[in-house]
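# I need the structure of the sequence given here:
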Amino acid sequence: MTRASLDKKPQDVAAMFDEVAEKYDLTNDVLSLGQARLWRRAVADSVAARPGERVLDLAAGTGTSALPFVEAGAFTVPCDFSLGMLREGKRRHPWMPLTAGDATRLPFADGVFDAVTISFGLRNVGDVDAALAELLRVTRPGGRVLLCEFSHPTWTPFRTVYSEYLMRALPPVARRVSSSPDAYVYLAESIRAWPDQEAMALRLQEAGWSRVAWRNLTGGIVALHRGVKPA
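Predicted coordinates for the structure are as follows:
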């Protein structure tokens, strides 16, 4: 098993990420031309975690994305459904409360988190709307959500160049740096099939989030969507 298909069966996606866990963060830095670190910083700034807050970092992988929240003084729970990713994360950060969990059936009580976030993981969930509803359930009233996901460049010429990179340049580069390059073919396909910024905002609203807004990073390659749970 080296890649998943766009029907996103949970066991297939989890197996795919198990295979790429060891080199996942390095591969992302290479394939994003160094932008991945800037995107992580933008997520941390947008979440604006504060000391004493409780933050859920869903699709946390090896835990790298959770570090800024920990450094801000928040009690942070990194959660992922790939056991391979979690094992690698525990090897790197043995002190982290890494937790196995399915985004559509989270193992947490209602209203326990001040902020919930998911970076580059919602695209891999089989039932996106169920995941958005689960994030709402585990967030306290007045709490916030921050989604960071690949999106659609807003400038048409750039969008064309970007699409060519995804389908032609990304797989050969992945073969050089990844332990499972075919997995990145799936990732490229899933990025192209993902809803645009407005459609993603509408899905957040339909899940029950209020004050939904977004901003683009790197010309719309990535979008940060945010919302608040109604009081």
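
# Nearest the geometric middle of the chain, what residue?
Ser119 (2.2 Å; C-alpha atoms, centre = their mean).

# so that one makes contact with Arg41?
No. If you go by C-beta atoms under 8 Å, Ser119 and Arg41 don't touch, sitting 11.5 Å apart. Glycine gets a C-beta too; all of them are placed from N, C-alpha and C.

# could you say what helices and strands the lengthiest strand in the chain packs with?
Criterion DSSP state E: the longest strand present in the chain is strand 139-150. Secondary-structure packing of strand 139-150 (3 or more C-beta pairs under 8 Å, 6 or more residues apart in numbering; DSSP states H and E): helix 35-47, strand 113-119, helix 197-206, strand 222-228.

# And the helix or strand following that strand, what's buried?
Once the chain leaves strand 139-150, the next helix or strand it forms, by DSSP states H and E, is helix 156-164. Buried residues in helix 156-164, counted by 16 or more other C-beta atoms under 10 Å: Tyr162.

# for helix 156-164, the distance to its chain's centre please.
Distance, stretch centre to chain centre, for helix 156-164: 23 Å (C-alpha atoms, centre = their mean, to the nearest Å).

# So which other helices or strands are in contact with it?
If you count contacts as 3+ C-beta pairs under 8 Å, 6+ apart, helix 156-164 packs onto no helix or strand.

# how big is the angle separating it from strand 139-150?
90 degrees (axes from the mean of the first three to the mean of the last three C-alpha atoms, to 10 degrees).

# now what about helix 156-164, what contacts it?
His152, Pro153, Arg192, Gly219, Gly220, Ile221 (C-beta atoms under 8 Å, 6 or more residues apart in numbering).

# Report pLDDT for the closest residue to the fourth one other than its chain neighbours.
Translated: Gly219. Using C-beta to C-beta, 6 or more residues apart in numbering and skipping the chain neighbours, the partner closest in space to Gly219 is Pro153 (5.0 Å). pLDDT recorded at Pro153 is 89.

# Quick check: the gap between Pro153 and Ser163.
In this view, Pro153 and Ser163 are 9 Å apart by C-beta to C-beta, to the nearest Å.

# again with Gly208
Taking C-beta to C-beta, one finds Gly208 at 33 Å from Ser163.

# Repeat that for Glu134.
Here the criterion is C-beta to C-beta. By it, Glu134 lies 31 Å from Ser163.

# go on, Val43?
Applying C-beta to C-beta to Val43 and Ser163 gives a distance of 24 Å.

# quick revisit: name the nearest residue to the residue nearest to the centre of the chain, ignoring sequence neighbours.
Nearest one to Ser119, counting by C-beta to C-beta, 6+ apart, is Cys148 at 4.0 Å.

# looking at it, the one you found is touching Ile221, isn't it?
No. Contact between Cys148 and Ile221 fails when scored by C-beta under 8 Å: they sit 11.3 Å apart.

# So between those two, which is more surrounded?
Comparing Cys148 with Ile221 by other C-beta atoms under 10 Å, the one with more neighbours is Cys148, at 25 against 21.

# Tell me the predicted confidence for that one.
At Cys148, pLDDT is 96.

# got the contact list for Leu146?
Val43, Ser46, Val47, Ala115, Val116, Thr117, Leu224, His225, Arg226.

# and those, which are buried?
Val43, Ser46, Val47, Ala115, Val116, Thr117, Leu224, His225, Arg226.

# The second one touches Arg226, doesn't it?
Yes. Between Ser46 and Arg226 a contact is recorded at 6.3 Å, counting by C-beta under 8 Å.

# related to what we said a few turns ago, could you check how far the longest strand of the chain is from the centre of its chain?
12 Å.
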